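Visitor: Give me a 3D structure for the following:
(one chain, ligands or ions: 1)
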Amino acid sequence: MRGSVRLLTKRYNSSSSVCPAAVESAAHAKVDSEPRPYAQVPGPKPIPLLGNTWRLLPLIGQYQISDLAKVSKILYNEYGKIVKLSGLVGRPDLLFVYDAQEIEMMYRTETDAPHRPSMPCLVKYKSEVRKDFFGRLPGVVGVHGEPWREFRTKVQRPILRPAAVVQYIQPIEEVTNQFLDRMLQIRDEQDELPNDFDNDIHKWALECIGRIALDVRLGCLDPNLADDSEPMKIINGAKFALRNIALLELKFPFWRYVPTPLWGRYVKNMDYFIEICMKHIDKAQDRLQKKLDAGTPESEFSVVERILMSDPDPKLAYVLALDLILVGIDTISMAVCSVLYQLATRTDAQEKMYKELKKVLPTKDTPLTNNLLENMPYTRSFIKEVLRMYSTVIGNGRTLLEDKVICGYNIPKGVQLVFPTIVTGNMPEYVKDPDHFYPERWLKEHKADYYRHPFASLPYGFGVRMCLGRRFADLEMQILLAKLVRSYKLEYHHEPLEYKVTFMYAPEGPLRFKMTPRDD
Ligand code: HEM
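Guide: Reported below is the predicted structural model:
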């Protein structure tokens with residue numbers, strides 16, 4: 001199957017960035033301004049009975065899930081800026097849009113409750129299996145329409161106000177210091193990190209999210225955890241989710257029709273996470289009561305405490321914590337795997353970052369502040385550049401809620417739009433020298449020249465449904481880079497790793513980085 005992807009790549013000229021459909025339809029529009037019918041949107045032809053689903057089936061399929069990023073590029077190269085994948089058994093047509101202007105138009109004209117078609121197993125779990133728990137306000141992930149709008153409105157401000165993030169600099173720095181100590185301890189005699197170092201990155205991500213969503217240090221980075229300890233059970237639960245959700249969601253969804261064993265384990269795992277959230281939020285509520293009794297000023301309340309104060313029913317905080325945990329572990333940990341791999345393999349960029357950090361942080365243990373973090377433009381740009389070239393979430397989606405004209409075609413409501421940021425963020429018409437890894441392109445003085453369309457690279461999505469944790473994600477990655485690069489050198493001396501989609505897009509294989517302390 002990988003062979004067929006390679007073949008297709010060879011057959012179609014990857015440098016073509018002009019959309020034949022758009023050119024044709026523009027020419028057509030001169031004579032007749034009527035949009036063209038949906039049936040004429042280009043795309044691979046569905047075959048009788050199996051439609052296009054077979055293309056994603058194991059063994060006989062043409063495309064492998066892990067090659068989704070490549071497939072998305074191939075579809076663009078073969079068919080142009082708008083591509084229809086129809087005839088998918090049990091799901092609506094997918095419409096890939098590779099035109100940044102059209103993507104901008106779609107985002108800017110969306111309603112106040114856009115529909116992102118995501119996580120079908122979570123939708124089933126929330127709306128059917130545990131309807132008793134989620135009730136009227138089931139959260140933001142896998143939820144749509146008025147219930148989504150109401151929930152998001154309640155939690156948006158406490159999470160996204162800039163001051164909220166500042167409160168977490170010191171706690172995330174503390175978690176990160178423990179992570180760096182652990183990295184030092186687990187190195188081998190060649191100063192290299194072990195084959196399963198990505199597990200430790202997941203533990204760091206879990207510890208960060210525990211601090212933000214549950215107001216607690218979970219203890220996932222502690223050495224020698226017993227198998228039956230809570231942190232170990234949480235680690236295993238997160239690992240299960242990471243390994244299996246892609247299987248449930250991206251492959252043929254048998255679980256929709258019969259309760260497969262994997263589905264049963266998924267439900268049990270989710271139930272466990274609800275239990276953990278309730279336990280820690282209840283404790284946070286007790287602490288909040290004590291703070292209120294003591295007259296603690298509001299400026300000292302955490303995000304969880306603000307959420308608890310905004311609603312007498314702690315359910316809001318339980319469900320929010322669950323949602324943040326569900327999407328705030330894999331995203332950030334896979335992004336960090338990618339950022340560290342790029343850092344270790346791009347020595348020049350790492351040296352530039354080190355110089356910047358040395359200037360801003362006079363000593364290795366200078367405590368981080370908001371002001372100091374704002375004075376690290378290169379470090380921040382490095383993260384942006386990694387997310388542009390290797391976007392961890394390869395694309396975003398919206399279900400069309402009304403008929404629209406896109407790229408000169410009439411598109412009926414119900415179609416699922418896909419905006420593949422991994423492709424648009426690497427198209428020469430939107431990004432100068434897209435294959436050149438150049439963090440400087442994001443600096444104020446270069447941006448206009450090197451990044452030509454603001455909707456080409458959108459790793460966190462856009463608009464009212466944009467990533468709720470983006471400020472925390474940026475903060476966590478920046479703190480990790482600042483602490484790591486200021487004190488250590490990271491290298492990689494093994495076979496190059498290939499990027500794959502295992503739900504998220506990240507380098508696949510052991511991250512055996514060499515980590516050595518810097519002299520000053
Ligand atoms: C580098 C890491 C991350 C990336 C690339 C990322 C990317 C995304 C994207 C593309 C979306 C869809 C946005 C849209 O529909 O317009 C999203 C949604 C979301 N993200 Fe993130 N994310 C990251 C980290 C996080 C973290 C750490 C958290 C939690 C603290 C988080 C919480 C959420 C939530 C709750 C949503 C759903 C928002 C809604 O539907 O209202 N994300 N993220």
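
Visitor: how about the helix or strand that contains Ala246 against the ligand, any contact?
Guide: Following DSSP states H and E, one finds Ala246 within helix 230-250. No. Contact of helix 230-250 with the ligand (CB under 6 Å from any ligand atom) is absent, the minimum separation being 13.0 Å. Placement of C-beta: from N, CA and C, glycine included.

Visitor: Now do the following helix or strand past that helix against helix 230-250: the angle between them, please.
Guide: Next helix or strand after helix 230-250 toward the C-terminus (DSSP H and E): helix 261-293. Taking axes from the mean of the first three to the mean of the last three CA atoms, to 10 degrees, one finds helix 261-293 and helix 230-250 inclined to each other by 130 degrees.

Visitor: What helices and strands are in contact with helix 261-293?
Guide: Packing partners of helix 261-293 (3 or more CB pairs under 8 Å, 6 or more residues apart in numbering; DSSP states H and E): helix 120-124, helix 230-250, helix 303-310, helix 315-328.

Visitor: The helix holding Ala246: how far from the chain's middle?
Guide: Offset of helix 230-250 from its chain centre (CA atoms, centre = their mean, to the nearest Å): 16 Å.

Visitor: got it, and stretch 276-290?
Guide: 28 Å.

Visitor: now swap in stretch 450-466 and tell me
Guide: 13 Å.

Visitor: Stretch 434-448 spans what distance, first to last residue?
Guide: 14 Å (CA to CA, to the nearest Å).

Visitor: Show residues contacting that stretch.
Guide: 342, 346, 349, 352, 377-378, 380-382, 384-385, 389, 425-428, 431-432, 449-451 (CB atoms under 8 Å, 6 or more residues apart in numbering).

Visitor: Just the buried ones out of those residues, please.
Guide: Neighbour-count burial (16 or more other CB atoms under 10 Å) applied to the contacts of stretch 434-448 gives 342, 346, 349, 352, 378, 380-382, 384-385, 389, 425-427, 431, 450-451.

Visitor: So which of these sit within strands?
Guide: Counting by DSSP state E, no part of the buried ones among the contacts of stretch 434-448 is found in strands.

Visitor: Return the subset of those lying in helices.
Guide: Among those, the members falling in helices (DSSP state H) are Gln342, Ala349, Lys352, Tyr378, Arg380, Ser381, Phe382, Lys384, Glu385, Met389, Tyr450.

Visitor: Reformat the residues you listed as a markdown table; add distance to Leu443.
Guide: A markdown table is the format used below for those (distance: CB to CB, whole Å):
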| residue | distance to Leu443 |
| --- | --- |
| Gln342 | 18 |
| Ala349 | 13 |
| Lys352 | 11 |
| Tyr378 | 8 |
| Arg380 | 9 |
| Ser381 | 6 |
| Phe382 | 11 |
| Lys384 | 10 |
| Glu385 | 11 |
| Met389 | 16 |
| Tyr450 | 9 |
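
Visitor: so which of these comes closest to the ligand?
Guide: Lys384 (10.8 Å; CB to the nearest ligand atom).

Visitor: and stretch 169-188, how far out from the chain's middle?
Guide: Distance of stretch 169-188 from the chain centroid (CA atoms, centre = their mean) equals 23 Å.

Visitor: right, is it up against the ligand?
Guide: No. Applying CB under 6 Å from any ligand atom, one finds stretch 169-188 separated from the ligand by no less than 11.0 Å.

Visitor: Buried residues in that stretch, which are they?
Guide: Buried positions in stretch 169-188, judged by neighbour count with 16+ other CB under 10 Å: Ile169, Pro171, Ile172, Glu173, Val175, Thr176, Gln178, Phe179, Leu180, Met183, Arg187.

Visitor: Ok, stretch 494-504 next?
Guide: Leu497, Tyr499, Lys500, Val501, Thr502, Phe503, Met504.

Visitor: farthest-separated two in those?
Guide: Within the buried residues of stretch 494-504, Leu497 and Phe503 form the most distant pair, 17.1 Å apart (CB to CB).

Visitor: Show me which positions of stretch 202-212 end up buried.
Guide: His202, Lys203, Trp204, Ala205, Leu206, Glu207, Cys208, Ile209, Gly210, Arg211, Ile212.

Visitor: For Asp271, see how far away the closest residue to the ligand within the stretch 251-400 of the chain is.
Guide: Nearest residue of the stretch 251-400 of the chain to the ligand, counting by CB to the nearest ligand atom: Gly328, 2.8 Å away. Gly328 sits 19 Å away from Asp271, going by CB to CB, to the nearest Å.

Visitor: The two: which has the busier surroundings?
Guide: Gly328 (24 against 13; other CB atoms under 10 Å).

Visitor: from what I can see the more buried one touches Ala205, true?
Guide: Yes. Taking contacts as CB atoms under 8 Å, Gly328 lies within contact range of Ala205: 7.5 Å.

Visitor: if I pick Trp204, what's in contact with it?
Guide: Val175, Thr176, Phe179, Cys220, Leu221, Ser333, Val336, Leu480.

Visitor: Report the inter-axis angle for the helix or strand harbouring the last one versus helix 303-310.
Guide: When secondary structure is defined by DSSP H and E, Leu480 falls within helix 470-487. Relative orientation of helix 470-487 with respect to helix 303-310: 160 degrees, computed using the same axes, to 10 degrees.
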